[in-house]
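Chemist: Got a predicted model here, sequence first, then my questions.
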Amino acid sequence: MASDVFDKLVALLGEAKAKFRVIEHEAEGKSAEISAIRGNRPDQAAKAMVLDVRGGGGGRRHVLAILPGSRKLDFAAVATLFEARKCGFASPETAQELTGCVMGAVPPFALDPSLTVVVDEDLLANETLFFNAGRLDRSMELDTRDWLAVAKPRVAKIASRV
């Protein structure tokens, strides 16, 4: 399953003629640790989290929140953005079903059309982004403009300082 996601990412980015490179490394899913292994600053890491957003006009939906690895998610900001009453993490089972990945390996792309992508605006200050590419032992470095063109996220303030 994980290599399927990795292969889909490589194909998607190749078709888009995106500038990226694959980084093979020991298996790791925690933001600070993987940033040290890859040699990137934590604020360059695109941390992806599957959220369960409920209530309000949109009913229940799932959101893929992308934020700098050095930040914490502001659940209230996401709830407000989607005009919802409540926002929390999706269950690990739901997240894995929607992404095809184990926690920590989720890339910043919605390969499932039911996921809406939202990114914290501060992440976009980086020329390139680093992220686990569907596997705990593979990462990618990707040009930020290419990521924006392919992922087509909503941009908002959804992270707070750690």
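Modeler: It's in. Residues are numbered from 1 along each chain as shown.
Chemist: Break down this protein into its helices, ranges please.
Modeler: Secondary structure of the chain, counting by DSSP state H: helices at 2-15, 31-38, 75-81, 92-99, 144-151.
Chemist: and of those, who's closest to residue 51?
Modeler: Ranking those by their distance to residue 51 (criterion: C-beta to C-beta) puts helix 75-81 first, at 6.2 Å. (C-beta placed from N, C-alpha, C; glycine too.)
Chemist: And for the closest one, what's in contact with it?
Modeler: Applying C-beta atoms under 8 Å, 6 or more residues apart in numbering, the contact partners of helix 75-81 are 51, 53, 56, 63, 65, 84-88, 118, 154, 156-158.
Chemist: quick revisit: could you dump the helices of the chain into JSON lines with mean neighbour count added?
Modeler: JSON lines is the format used below for the helices of the chain (neighbours: other C-beta atoms under 10 Å):
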{"stretch": "helix 2-15", "mean neighbour count": "16"}
{"stretch": "helix 31-38", "mean neighbour count": "17"}
{"stretch": "helix 75-81", "mean neighbour count": "17"}
{"stretch": "helix 92-99", "mean neighbour count": "16"}
{"stretch": "helix 144-151", "mean neighbour count": "17"}
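Chemist: on that earlier part again, buried subset of the contacts of helix 75-81, written for ChimeraX?
Modeler: A single ChimeraX command selects the buried members of the contacts of helix 75-81 (16 or more other C-beta atoms under 10 Å):
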select :51,53,63,65,84,87,118,156,158
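Chemist: which of the contacts of helix 75-81 lies closest to residue 45?
Modeler: Checking the contacts of helix 75-81 against residue 45 with C-beta to C-beta, the nearest one is residue 65 at 13.7 Å.
Chemist: Residue 155 is in contact with the closest one, correct?
Modeler: No - using C-beta atoms under 8 Å, residue 65 is not in contact with residue 155; the gap is 11.9 Å.
Chemist: Quickly list what's touching both of those two.
Modeler: Common contacts of residue 65 and residue 155, defined by C-beta under 8 Å, 6+ apart, comprise 118-119.
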